[in-house]
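>>> could you work out the structure for the sequence below:
(one chain, ligands or ions: 2)
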Amino acid sequence: MTKALTVRTTTGPASPGTHERIRKHRWAIAALPLAAAAALMQVPVAQAVEWQALPETAPAPADNPTTPEKVELGKMLYFDPRLSSTGTVSCFSCHNVMEGGDDHRPTSIGVHDQVGGRNAPTVWNAAFLSVQFWDGRAASLEDQAKGPIANPIEMGMPNLEAAVKRLKQIPGYAPKFKAAFGSKAQISEDTVAKAIAAYERTLITPNSPYDRFVKGDKKALTAQQQKGMRAFADVGCVACHSGPNFSGPSLPVGTGFFMKFPVFADNEMVAKYRVLDDGGKAAVTGKPEDQNMWRVPTLRNLAYTAPYMHNGAVKTLPEAVNMMAVTQLNKTLSEQQIADIVAFLEGLGGEFPEQTMPHLPPTPGDMLE
Ligand code: HEC
Ligand code: HEC
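Ligands and ions are numbered 1, 2, ... in the order given. The predicted model follows:
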């Protein structure tokens with residue numbers, strides 16, 4: 001006896017309040033044996049997966065609309081190593097937007113060669129996350145941007161005021177802040193963070209083969225990728241990695257979509273990849289119920305962002321998929337299933353908007369001592 005499952009595909013709204021035409025169509029994914037269908041019932045979303053394309057613009061908060069002047073300034077600040085104590089580390093150092101938006105190290109290196117405790121996540125499509133950082137401790141891109149500058153291991157400024165003072169010493173910046181925020185605008189923590197966030201909202205990668213597929217181009221994904229897409233839904237990955245960014249449903253900024261990692265701890269993966277060494281959200285909130293809770297990350301552009309997980313302990317994508325099945329779903333995938341899912345995930349690699357290096361204003365000779 002078989003039971004046919006259907007998959008609904010839609011393109012998500014571009015941003016809250018924008019009304020894009022939602023196209024729905026049905027894609028019969030499989031005629032499954034009853035036993036398999038029954039097993040799927042345990043996974044809440046398996047019956048009708050809503051596949052969503054990535055919107056072509058990122059939502060921006062009402063008090064920080066994205067404008068070309070702000071984006072230009074934000075990009076300058078993003079690439080400017082003078083925002084670090086030593087004048088050597090910029091956002092770009094750890095989030096390389098010429099490639100995957102990360103640094104490929106298990107954990108990052110900041111000022112004075114100090115090594116941090118977590119893997120640098122990609123900045124590509126961070127604009128679609130409802131909270132920032134692996135543990136979700138920053139609500140928005142604006143809040144996040146204030147973190148690394150004064151982080152002693154990352155950019156090492158004593159505080160944000162010191163960074164603002166530094167920027168005020170560079171005469172070329174004041175006109176750029178006025179162009180971006182109005183003639184009365186000041187260089188401040190607020191305007192620095194807003195400009196960087198505005199630039200980050202341009203770092204999005206729509207039109208991946210997957211996006212084209214769910215918008216109706218049935219040839220955009222290969223047969224193996226479509227098989228992988230089905231397996232991704234059938235084994236239950238989509239229970240957590242749902243929504244247009246595969247980081248959970250689109251939620252209001254500050255909400256966060258958190259899940260336990262590992263859900264199943266009684267396996268060799270947990271020790272091998274030191275999963276329990278970092279408490280995740282509990283390290284921020286101190287609450288026992290937040291122990292090993294992590295923000296569900298995006299799965300877009302994974303081919304560019306090895307190694308994987310919050311500690312960068314997993315070196316390859318097949319191993320990351322294998323591990324997730326074991327630790328999150330208590331399932332052992334076949335080599336074929338892993339290869340198919342990896343092929344599907346590779347189909348989530350989008351079109352990267354071309355990046356050009358900004359021109360930065362000159363530095364006074366006595367600024368970096
Ligand atoms: C020394 C390396 C380093 C520098 C410099 C750095 N970052 Fe990061 N960034 C990281 C690491 C590591 C994390 C993850 C930390 C965590 O989750 O605890 C992170 C997290 C982020 C995130 C959250 C992404 C997500 O998926 O949650 C964004 C956005 C981001 N950084 C942007 C920036 C910006 C903007 C700057 C410059 C102002 C910057 N970073 C400077 C290493 C760095
Ligand atoms: C119960 C929720 C849940 C399920 C089910 C789940 N994941 Fe995850 N996934 C997470 C969380 C949480 C993380 C972040 C782990 C961390 O903090 O290191 C993650 C991380 C990942 C990563 C690493 C991303 C990166 O940038 O380092 C990949 C790849 C991944 N998942 C793929 C999958 C696949 C494929 C499946 C199905 C076999 C799956 N996940 C099932 C919650 C889940």
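>>> what does the protein put close to ligand 1?
78, 89, 91, 93-95, 108, 110, 116, 118, 120-121, 123, 126, 129, 132-135, 141, 144-145, 148-149, 154-155, 196 (C-beta under 6 Å from any ligand atom). From N, CA and C alone the C-beta is placed, and that goes for glycine too.
>>> out of these, which are inside helices?
Residues from the residues of the chain next to ligand 1 lying in helices, with DSSP state H as the criterion: 78, 91, 93-94, 141, 144-145, 148-149, 196.
>>> phi, psi of the nearest residue to residue 295 once chain neighbours are set aside?
Once flanking residues are discounted, residue 295 sits nearest to residue 136: 4.1 Å by C-beta to C-beta, 6 or more residues apart in numbering. When quoted as degrees, to the nearest 10, the phi and psi of residue 136 stand at phi 70, psi 20.
>>> close to ligand 2, is stretch 318-333?
Yes. Using C-beta under 6 Å from any ligand atom, stretch 318-333 reaches ligand 2 at 320-321, 324-325, 328-329.
>>> so which bits of that stretch are buried?
Neighbour counts using 16 or more other C-beta atoms under 10 Å place 318-329, 333 of stretch 318-333 among the buried residues.
>>> what does stretch 170-190 give?
Buried residues in stretch 170-190, defined by neighbour count with 16+ other C-beta under 10 Å: 170, 173, 176-181, 187-190.
>>> what of stretch 347-360?
Within stretch 347-360, the residues scored as buried using 16+ other C-beta under 10 Å are 347-350, 352, 358, 360.
>>> can I get those in CSV including distance to residue 205, secondary structure and pLDDT?
As requested, the buried residues of stretch 347-360 are arranged in CSV below (distance: C-beta to C-beta, whole Å; DSSP: H, G, I helix; E, B strand; the rest coil; pLDDT from 0 to 100):
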residue, distance to residue 205, secondary structure, pLDDT
347, 12, coil, 98
348, 9, coil, 98
349, 8, coil, 97
350, 3, coil, 91
352, 6, coil, 97
358, 20, coil, 97
360, 26, coil, 97
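>>> for ligand 2, see how far away residue 107 is.
12 Å (C-beta to the nearest ligand atom, to the nearest Å).
>>> pretty sure that residue contacts residue 115?
Yes. Using C-beta atoms under 8 Å, residue 107 is in contact with residue 115, at 5.8 Å.
>>> more crowded one of the two?
residue 107 (17 against 11; other C-beta atoms under 10 Å).
>>> quick one: contacts for the more buried one?
Taking C-beta atoms under 8 Å, 6 or more residues apart in numbering, we find residue 107 in contact with 115-120, 311-312.
>>> would you point out the helix or strand in this protein whose mean pLDDT is lowest?
strand 25-33 (a mean of 33; mean pLDDT, DSSP states H and E).
>>> okay, strands next: where are they in the protein?
With DSSP state E, the ranges of strands along the chain come out as 2-11, 25-33, 50-53, 258-260, 293-295.
>>> what does the stretch 1-150 of the chain put close to ligand 2?
Close to ligand 2, as judged by C-beta under 6 Å from any ligand atom, the stretch 1-150 of the chain has residues residue 134.
>>> also the stretch 151-300 of the chain?
So the stretch 151-300 of the chain meets ligand 2 at 235-237, 239-241, 259, 261, 263, 294, 296-297, 299 (C-beta under 6 Å from any ligand atom).
>>> make TSV from the residues you listed and add neighbour count, pLDDT and distance to residue 82 to it.
Below are these laid out as TSV (neighbours: other C-beta atoms under 10 Å; pLDDT from 0 to 100; distance: C-beta to C-beta, whole Å):
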residue	neighbour count	pLDDT	distance to residue 82
235	22	97	48
236	22	97	47
237	22	98	42
239	19	97	45
240	22	98	40
241	21	98	38
259	16	98	39
261	24	98	37
263	14	98	44
294	22	98	33
296	22	98	35
297	24	98	30
299	22	98	35
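>>> for ligand 2, give me its nearest residue in the stretch 1-150 of the chain.
residue 134 (5.2 Å; C-beta to the nearest ligand atom).
>>> pLDDT at that residue, what is it?
pLDDT for residue 134: 98.
>>> burial measure for it, as a count.
Residues lying near residue 134 (other C-beta under 10 Å) number 19.
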